[in-house]
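Q: Provided below are the primary sequence and the corresponding predicted coordinates.
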Amino acid sequence: MKKILFSLAIALTATLTIQAQDISENAIGVRFGSNDGLGGEISYQRKLSNENRLEIDLGWRNNSNTDAYKLAGIYQWVWSLGNQFNWYAGFGGGVGNWKNKTVDESQTLLFVAGNVGVEFNLDIPLLISLDYRPEIGFNKIYDGLNSDIALGLRYQF
């Protein structure tokens, strides 16, 4: 019985890993999330292989009290869930700057990040995703664990 279960587990694993990925060569769009006060982001994804891609996101904020930007780069692994659904996970980091206009103080942001999410690849060239990105910052303004949950809409080409 153990041999049969083991054989079934191996067959299932092979089937899941053999499924073809449907990752577009390029995708550009927006990522709507809290981004810890920086609001939405412009997002670009570039296919590196059938299972991997690079995502680069630029978030910014400009109001009467604050000028800020944050650039994140995430290396991702993508797995098919079937029926145009994928899930992905990755890691990376980023840099940014936060300037408080009221006291004329500016700080550079440095952080490492993880990423996990699901995406739906529509029949039209639109990719919809929902992901979670924990980030660990290394300065006074952006220190410790910061989290971001975001909805992404990207045009694929």
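A: Arrived safely.
Q: so who does the most centrally placed residue in the chain touch?
A: The structure's the chain has its C-alpha centroid closest to residue 115; by Cα atoms, centre = their mean the separation is 5.3 Å. Going by Cβ atoms under 8 Å, 6 or more residues apart in numbering, residue 115 touches 55, 74, 76, 88, 89, 90, 91, 92, 131, 132, 133. Just so you know, the C-beta spots here come from the backbone N, C-alpha and C atoms, and that holds for glycine as well.
Q: Narrow those to just the buried residues.
A: Taking 16 or more other Cβ atoms under 10 Å as the criterion, what is buried in the contacts of residue 115 is 55, 74, 76, 88, 90, 92, 131, 133.
Q: Which single one of the contacts of residue 115 is nearest to residue 67?
A: residue 133 (22.5 Å; Cβ to Cβ).
Q: Okay, strands next: where are they in this structure?
A: In the chain, strands defined by DSSP state E lie at 26-33, 41-47, 52-62, 66-82, 85-100, 105-121, 126-138, 143-156, listed in chain order.
Q: Would you format those strands as a markdown table with mean pLDDT included?
A: As requested, the strands of the chain are exported to a markdown table (pLDDT from 0 to 100):
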| stretch | mean pLDDT |
| --- | --- |
| strand 26-33 | 94 |
| strand 41-47 | 96 |
| strand 52-62 | 91 |
| strand 66-82 | 92 |
| strand 85-100 | 93 |
| strand 105-121 | 93 |
| strand 126-138 | 93 |
| strand 143-156 | 90 |
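Q: thinking again about what came up before, which positions are bridged to the residue nearest to the centre of the chain in the beta structure?
A: residue 90 (DSSP bridges).
Q: Distance-wise, check it relative to residue 92.
A: 7 Å (Cβ to Cβ, to the nearest Å).
Q: Residue 42 contacts residue 58, correct?
A: Yes. Using Cβ atoms under 8 Å, residue 42 is in contact with residue 58, at 4.9 Å.
Q: the more surrounded of those two?
A: residue 58 (17 against 13; other Cβ atoms under 10 Å).
Q: mind listing what that one touches?
A: So residue 58 contacts 41, 42, 69, 70, 71 (Cβ under 8 Å, 6+ apart).
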